[in-house]
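Asker: sequence plus the predicted model coming up.
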Amino acid sequence: GIAIAIGTVVDVGIVLTENLLKHLERAGPDEPRGEIVVLACREVGGAVLTAVATTVVGFLPVFVMVGEAGKLFRPLAFTKTFALIGSILVALTLLPALAHLALARRVTQRTWSWRMPDRVARWSRLTISLVVALVVTWVLAGQWEPLGRGRSIIVNFAFVIVLVGGLLLGFVLFQGVYGPVLRWALRHKVLFLSMPTAIVILGLCVWLGFGSLFGWLPGPVQRTALWRDADAALPGLGSEFRPALDEGSFLFMPSTTPHASIGHAVDVLRDLDAAIRAIPEVQMVVGKAGRAESPLDPAPIGMIETVVYYVPEYRTGDDGQSVRQWRDHIRSADDIWAEIQAVAQMPGVTNASKLQPIETRLVMLQTGMRATMGIKVFGPDLETIEAFGIGLERILRQTDGVDSRTVNAERIVGTPYLEIDVDRDRIARYGIRVADVQRVIEVAIGGQTVTTTVEGRERFGVRVRYMRELRDSLDAFGEVLVSSADGTRQVPLTDLAEVRYVRGPRMIKSEDTFLVGYVTFGSQPGLAEVDVVQRVAAAIDRAIVDGELHVPLGVSHRFTGSFESQQRAAKTLMVVLPLSLAIIFLILYLQFRQVSTSLIVFLGVGVAWAGGFILIWCYGQPWFLNVELFDTNLRDVFRVQPINLSVAVWVGFLALFGIATDDGVVMATYLKQRFNEATPGDRAAVREAVLAAGLRRVRPCLMTTATTILALLPVLTATGRGSDIMLPMALPCVGGMVIALMTMFVVPVLFSAIQERRVAA
């Protein structure tokens, strides 16, 4: 929350301070400084209060999220909200008071300044500012390390100078050309407004897909080469619940065959642990077969859980320098997982989806499965459920987008059970009761505690049962003797009952009073989970229609896992997101008291929204930032990779909605104030007044945008814990704020159009 809000909390102070300095520059030598401070704060106080209110309201949907999404992002929303409220309180109370105290008496010149010429004093101040900036940049480069811990501080320092300096230079150039460009836009309104309109349409195409957005066009148009190229370039963004978090460890959970014994499961576990531990990047391996002594761990013997801890990529050496611990071809944790899968290929052992300990525990608590994606099969009996699950497994292995190695339908029935069917007619001949037979079987297999021995302060039960060689096979167990009623005869168990092996379930699970089985699967790298689930659902429907897959009577299935969580979060956002936007518009209306002006400012949300989608699309293109700088590719620095729509991305858009209107609020408030003071008489006068107002407010708007983007740059390059979820949140804000600079033209142009129409009327 602090990382997202750090660039926004200073915006209020920037606008107030810049407006105060403007008033001081225009003030006469005899004007009271206190009145100037009050006038400057009153002029922009309503605008900054409205801007902060829209930012806070934009985060309201996060507070109503439920489940995992709410627990994950609600603390972030609280942190940012409290930070923004604190910033507005400080800016509107403490900042004016400090300014009044500092400027109560007019200070003409510094004592060191009047002794030297103005030109020398100006260069001296510039030199001091440059030295301070370089020192801050040096400290920032040492803490940030954007090029990685393996590069020296000097290289990181040079990179930060180039990056931040280039960004600030771009803002300076924007301020320099703002006046001429705004003058041109005021003269060619329709031509200029076509640009933000095209950006919004492009953003919609990135989000929904070109084919989905323009699917209403006739068939001949859709068959053209231009259409096919556009549809291929803009297929739409994939969806997932949230990006995978890097926990620094894996959870490898394969399964053995259902009939595997405890000894066999332990042998397999030992071999897997040894093979995985041989990987150089693996630090420690801890495996478990079956369940722990807890009723909360209902795992069969054939379920293996191996926690794999791998070493960090870098460590600090004895000389204080960073040392890379991974081999050259290991570039990410995914490469380590690929090696784990390669060495874990053993006969009679299934493969496993990529899992992490905390992530898996959450999924298992929510769904009961040990995979992030899966299908729950409900049915009347276990045999039917298993047969239908195996049919689904066959379909899933052939579905495009599914990693066939991770598809696994539970083999529910297959565990051997020793069944003893007591023949009542036979035992009646010997006068033996059923309870007598059962007691002998219990003692033979499980034993019976006959006494207790005391060893010091410890007490131990003494259990008596048959020797192992008399109970470890079907033939031997059949020779167990049962005493007759009078005790004169010892009858073998095979004369009294039928002893046989039968197939049975290794675990019985139920949900909502229905028996249930699981079919788990994983997606191929680079594909969104929701898209893969939709492909699987379509493949299953086709197989059912074609008769390839038969659905028995009483059997049903539904998808579960992270897909279910994503659908729940999407339904929540579909309700609260429009409400949040409506409240933002209401706040704007309360500020301007005009529907037209409020709509003009509100259009900035749409333009910024499109900018966020465009940057997300660029992150999925191979050409984006494919530039070498300081022997490092910028794609690696900014972690350029395909980004899917997730709850984290939507939280980033929610943060963008509030700040996207800030520049428009500041600009429109000043325009309204100027036109309320004096209404121009013709169109030329209206354009000149709008141009003057725009030039007056361009600097604070650029400064607030620059601080927001600069504060998010370390988030874009972060590689530590939590960075996997911070990057999708930061991208909409960065892309939206860059494109939102266009609102500094859109607001004056539309405001001028309305005022020109009124003047003409």
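Answerer: Cool, got the structure.

Asker: tell me which stretches of the stretch 351-500 of the chain form helices.
Answerer: Applying DSSP state H, counting those that start in this stretch to the stretch 351-500 of the chain gives helices spanning 357-367, 382-397, 424-429, 434-445, 474-478.

Asker: ok, now which ones touch Asp273?
Answerer: Going by CB atoms under 8 Å, 6 or more residues apart in numbering, Asp273 touches Val285, Gly287, Thr306. Where C-beta positions appear, they are placed from N, C-alpha and C, glycine not excepted.

Asker: please flag which of these sit within helices.
Answerer: Judged by DSSP state H, the contacts of Asp273 include no members of helices.

Asker: looking at those, which are in strands?
Answerer: Cross-referencing the contacts of Asp273 against strands under DSSP state E gives Val285, Gly287, Thr306.

Asker: mind giving me the domain split of this structure?
Answerer: Domain assignment for the chain by automatic domain parsing gives 2-108+145-187+594-760, 248-355, 416-505.

Asker: okay, those domains, which one's buried deepest?
Answerer: The highest average neighbour count among the domains of the chain, using mean count of other CB atoms under 10 Å, belongs to domain 2-108+145-187+594-760 at a mean of 19.

Asker: including distance to Val200, could the helices of the stretch 351-500 of the chain go into CSV?
Answerer: Below are the helices of the stretch 351-500 of the chain laid out as CSV (distance: least, CB to CB, whole Å):
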stretch, distance to Val200
helix 357-367, 37
helix 382-397, 39
helix 424-429, 82
helix 434-445, 74
helix 474-478, 75
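
Asker: nearest to Trp227 among the ones in strands among the contacts of Asp273?
Answerer: Distance to Trp227 across the ones in strands among the contacts of Asp273 (CB to CB) is lowest for Thr306, with 50.1 Å.

Asker: so that closest one makes contact with Val286?
Answerer: Yes. Contact status for Thr306 versus Val286: in contact at 7.0 Å, counting by CB atoms under 8 Å.

Asker: point out where the stretch 201-350 of the chain drops to low pLDDT.
Answerer: Applying pLDDT under 70 to the stretch 201-350 of the chain picks out residues 294-298.

Asker: let's go with 80 and repeat that
Answerer: By pLDDT under 80, the weakly predicted segments of the stretch 201-350 of the chain are 244, 258-259, 290-300, 316-322.

Asker: residue ranges in the stretch 1-150 of the chain under the pLDDT threshold?
Answerer: 1-9, 11, 21, 23-34, 67, 99-123, 125, 148-150.

Asker: what's stretch 726-737 in contact with?
Answerer: 3-4, 243, 608-609, 611-616, 618-619, 639, 643, 646, 648-649, 651-653, 655-656, 659-660, 705, 708-709, 712, 715-716, 718.

Asker: now do stretch 608-625
Answerer: 199-200, 202-204, 206-207, 234, 237, 633-635, 638, 640-643, 649, 652-653, 656-657, 660, 731-740, 743.

Asker: of all the contacts of Asp273, which comes closest to Val56?
Answerer: Val56 lies nearest to Thr306 out of the contacts of Asp273, by CB to CB, at 46.1 Å.

Asker: hmm, what's the outermost residue in this protein?
Answerer: Centroid-distance maximum for the chain: Thr488 at 75.4 Å, with CA atoms, centre = their mean.

Asker: for Val443, see how far away that one is.
Answerer: 20 Å (CB to CB, to the nearest Å).

Asker: mind checking how far the residue nearest to Pro642 when sequence neighbours are not counted is from Asp246?
Answerer: Nearest residue to Pro642 in three dimensions, chain neighbours excluded: Gly620, at 4.1 Å (CB to CB, 6 or more residues apart in numbering). Distance, Gly620 to Asp246, using CB to CB: 20 Å.

Asker: next one: Thr669
Answerer: Noted for Thr669: a distance of 44 Å to Asp246, by CB to CB.

Asker: and what of Ala289?
Answerer: Counting by CB to CB, the gap from Ala289 to Asp246 is 27 Å.

Asker: what does Ala232 give?
Answerer: Separation of Ala232 from Asp246 (CB to CB) stands at 32 Å.

Asker: of those two, give the one with the bigger neighbour count.
Answerer: In terms of neighbours (other CB atoms under 10 Å), Asp246 is the more surrounded of Ala232 and Asp246; the figures are 16 against 10.

Asker: isn't the more buried one up against Asp724?
Answerer: Yes. With contact defined as CB under 8 Å, Asp246 and Asp724 form a contacting pair (5.6 Å).

Asker: which residues are common contacts for those two?
Answerer: By CB under 8 Å, 6+ apart, no residue touches both Asp246 and Asp724.

Asker: ok, and the closest non-adjacent residue to Arg683?
Answerer: Spatial nearest neighbour of Arg683, chain neighbours left out: Glu756 (4.7 Å); criterion: CB to CB, 6+ apart.

Asker: what residues of stretch 209-229 count as buried?
Answerer: Using 16 or more other CB atoms under 10 Å as the test for burial, stretch 209-229 gives Gly209, Phe210, Gly211, Leu213, Phe214, Trp227.

Asker: output that stretch as PDB - backbone C-alpha positions only.
Answerer: Once non-C-alpha atoms are left out, stretch 209-229 reads as follows in PDB (Å, rounded to 0.1, in the frame of the first residue of the first chain):
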ATOM      1  CA  GLY A 209      -9.900  -8.500 -28.400                       C
ATOM      2  CA  PHE A 210     -10.300  -7.000 -31.800                       C
ATOM      3  CA  GLY A 211     -12.500  -9.800 -33.000                       C
ATOM      4  CA  SER A 212     -14.900  -9.600 -30.000                       C
ATOM      5  CA  LEU A 213     -15.200  -5.800 -30.300                       C
ATOM      6  CA  PHE A 214     -15.800  -5.600 -34.100                       C
ATOM      7  CA  GLY A 215     -17.400  -9.000 -34.600                       C
ATOM      8  CA  TRP A 216     -20.500  -7.200 -35.800                       C
ATOM      9  CA  LEU A 217     -18.800  -6.300 -39.100                       C
ATOM     10  CA  PRO A 218     -19.900  -8.200 -42.200                       C
ATOM     11  CA  GLY A 219     -18.200 -11.400 -43.200                       C
ATOM     12  CA  PRO A 220     -16.300 -10.000 -46.200                       C
ATOM     13  CA  VAL A 221     -14.600  -7.500 -44.000                       C
ATOM     14  CA  GLN A 222     -13.600 -10.200 -41.500                       C
ATOM     15  CA  ARG A 223     -12.100 -12.300 -44.300                       C
ATOM     16  CA  THR A 224      -9.600  -9.600 -45.300                       C
ATOM     17  CA  ALA A 225      -5.900  -9.800 -44.500                       C
ATOM     18  CA  LEU A 226      -6.000  -6.600 -42.400                       C
ATOM     19  CA  TRP A 227      -8.700  -8.100 -40.200                       C
ATOM     20  CA  ARG A 228      -6.800 -11.300 -39.700                       C
ATOM     21  CA  ASP A 229      -3.600  -9.400 -38.800                       C
END
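
Asker: where along the stretch 651-761 of the chain do the helices fall?
Answerer: Under DSSP H, counting those that start in this stretch, the stretch 651-761 of the chain gives helices at 662-677, 683-717, 723-740, 743-760.

Asker: in JSON lines: the ones you listed, plus distance to Gly379 and mean pLDDT.
Answerer: Output for the helices of the stretch 651-761 of the chain, formatted as JSON lines (distance: least, CB to CB, whole Å; pLDDT from 0 to 100):
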{"stretch": "helix 662-677", "distance to Gly379": "56", "mean pLDDT": "84"}
{"stretch": "helix 683-717", "distance to Gly379": "48", "mean pLDDT": "88"}
{"stretch": "helix 723-740", "distance to Gly379": "38", "mean pLDDT": "90"}
{"stretch": "helix 743-760", "distance to Gly379": "57", "mean pLDDT": "88"}
